[in-house]
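Student: Sequence below, structure please.
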Amino acid sequence: MLNRRLAHHRAQAEAHVLNGSTGAAIEQLQLALKAGDGDYYQLSATEARLRQLRQQDADERKDSGRKPAKS
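Tutor: Next comes the predicted model:
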């Protein structure tokens, strides 16, 4: 993977989003942040996407009456 674990996890996260698995996407973005191989801009973009998906997940859960996901 050429030391591009952050990029790999971000790509996996977006695939999960396309499949409607927001929880799995959140997990992948958390792994991406822990990968330790991203620069400032990559980390910043990943953190922003993670915040966006967490909000989306919270909104979806509120609308459906489900419990919030673990952080």
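
Student: confidence score at Lys67?
Tutor: According to the prediction, Lys67 has pLDDT 66.

Student: Please tell me how far Gln52 sits from Ala45.
Tutor: Distance of Gln52 to Ala45, given as Cβ to Cβ, to the nearest Å: 11 Å. For the C-beta atoms, the positions are set from N, CA and C on the backbone; glycine is no exception.

Student: Apologies, that question was intended for Arg51.
Tutor: 11 Å.

Student: Tell me the residues that contact both of Gln52 and Ala45, please.
Tutor: Here Gln52 and Ala45 share no contacting residue, scored by Cβ atoms under 8 Å, 6 or more residues apart in numbering.

Student: By residue count, tell me the biggest helix in the protein.
Tutor: helix 40-64 (DSSP state H).

Student: In it, which residues are buried?
Tutor: By 16 or more other Cβ atoms under 10 Å, the buried positions in helix 40-64 come out as Gln42, Leu43, Thr46, Arg49, Leu50, Leu53, Arg54, Asp57.

Student: can you list the residues you listed in CSV and add distance to Asp63 and pLDDT?
Tutor: Formatted as CSV, these follow (distance: Cβ to Cβ, whole Å; pLDDT from 0 to 100):
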residue, distance to Asp63, pLDDT
Gln42, 32, 95
Leu43, 31, 96
Thr46, 26, 97
Arg49, 21, 98
Leu50, 20, 98
Leu53, 15, 98
Arg54, 15, 97
Asp57, 11, 95
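
Student: Please determine how far Gly23 is located from Gln30.
Tutor: 11 Å.

Student: what do you get for Asn19?
Tutor: In terms of Cβ to Cβ, Asn19 sits 18 Å off from Gln30.

Student: any weak-confidence spans in the protein?
Tutor: For the chain, the stretches with pLDDT under 70 are 1-2, 66-71.

Student: Around Gly65, how many other residues sit close by?
Tutor: Burial of Gly65 is recorded as 6 neighbouring residues (other Cβ atoms under 10 Å).

Student: I'd say Glu14 and Ala25 touch.
Tutor: Yes. Counting by Cβ atoms under 8 Å, Ala25 is a contact partner of Glu14 at 7.2 Å.
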